[in-house]
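In: make a model of this:
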Amino acid sequence: MDARPEKQERWDRRMETPLAVASLLFLAGYTVRVLAHGMGQAWLDLCLAVTLGAWGVFIVDYMVRLRLSGLGPLHFVRAHLLGTIVLVLPLLRPLQMVKIYEQIQRRHDKPRLTLYARVMAYSSLTVALLGFAGALAVYQHERGASGATIRTFGDALWWAAETLTTVGYGDVTPVTTIGRVIAVGMMACGVALIGAVTGSFSSWLIQTFTREDEKRPPGGTPGAS
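Out: Down below sits the predicted model:
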């Protein structure tokens, strides 16, 4: 029996709590730095240190997983593309909490929700975290820009909701390059998440109606003679 998967399993169990705490600290530190305008510089520096420290935890976890996998760096990146993207892009850092929750549920091997309910629950949690983080990032870069329409965090939240749902009223839009790059990423995520939820819901409806048809006795169909 290969000891490598066993070591990876032990590492996963060991890192569940630290990764969850690091995810929360990263989001909290980033939120305070963006929204606490009147806070003293010492506190802002502390929040930056907390954010960078949480990022360091993710880097260490990634490097250990790379070593335990026994794969080459390029092969590991291809096999764990989403994890690599989450590591590199701070905007997606809070999504680590969704991954951790999924791992914990899988560890117990007794999910309380059906597959379709889990897809919708995970998608909803992802939308909430991504929308909040995206609003923070856009607000950080837009609030002082010339000609900006996103002037308050409320404007940023409204813009994030428009973007993730692909509504796009156009009443508030980013004007900076970084803001527009964030917008493109959130549009892509919004389309993917809406597709996942819609597809899962449609599949559930089809499965439900199919079961009802199978349970219906012969001749029980309305209009049948």
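In: quick one: average pLDDT of stretch 45-52?
Out: For stretch 45-52, mean pLDDT is 91.
In: just stretch 11-23 next, same as before
Out: Averaging pLDDT along stretch 11-23 yields 82.
In: which parts of that stretch are buried?
Out: For stretch 11-23, the neighbour count (16 or more other CB atoms under 10 Å) marks Asp12, Met15, Leu19, Ala20, Ala22, Ser23 as buried. Bear in mind the C-beta positions are built from the backbone N, C-alpha and C, glycine included.
In: distance between stretch 53-68 and the chain's centre?
Out: Offset of stretch 53-68 from its chain centre (CA atoms, centre = their mean, to the nearest Å): 18 Å.
In: same deal with stretch 148-156?
Out: Centroid displacement of stretch 148-156 relative to its chain, using CA atoms, centre = their mean, is 22 Å.
In: specify the local secondary structure of Val172.
Out: coil (DSSP: H, G, I helix; E, B strand; the rest coil).
In: mind giving me the packing neighbours of the helix or strand encompassing Thr208?
Out: Mapping Thr208 onto the secondary structure by DSSP states H and E places it in helix 177-215. Here helix 177-215 touches helix 115-142, helix 153-164, going by 3 or more CB pairs under 8 Å, 6 or more residues apart in numbering; DSSP states H and E.
In: by mean pLDDT, show me the worst of these.
Out: Taking the mean pLDDT of the helices and strands packed on helix 177-215, helix 115-142 comes last: a mean of 81.
In: okay, angle between that helix and helix 177-215 too, please.
Out: Relative orientation of helix 115-142 and helix 177-215, computed by axes from the mean of the first three to the mean of the last three CA atoms, to 10 degrees: 170 degrees.
In: now helix 115-142, how far from the centre of its chain.
Out: 6 Å.
In: which of the buried residues of stretch 11-23 lies closest to Val86?
Out: Val86 has its nearest neighbour among the buried residues of stretch 11-23 in Ser23, at 10.0 Å by CB to CB.
In: one step back: the helices and strands packed on helix 177-215 into JSON lines, with extra columns for mean neighbour count and distance to Val64?
Out: Listed next are these as JSON lines, based on neighbours: other CB atoms under 10 Å; distance: least, CB to CB, whole Å:
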{"stretch": "helix 115-142", "mean neighbour count": "19", "distance to Val64": "24"}
{"stretch": "helix 153-164", "mean neighbour count": "20", "distance to Val64": "33"}
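In: can you put the ones you listed in TSV and add distance to Val191?
Out: Converted to TSV, the helices and strands packed on helix 177-215 look like this (distance: least, CB to CB, whole Å):
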stretch	distance to Val191
helix 115-142	12
helix 153-164	9
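In: what about those, which gets the closest to Gly185?
Out: Counting by CB to CB, Gly185 lies closest to helix 115-142 out of the helices and strands packed on helix 177-215; the figure is 7.9 Å.
In: and the closest one, what other elements does it pack with?
Out: Secondary-structure packing of helix 115-142 (3+ CB pairs under 8 Å, 6+ apart): helix 3-35, helix 96-108, helix 153-164, helix 177-215.
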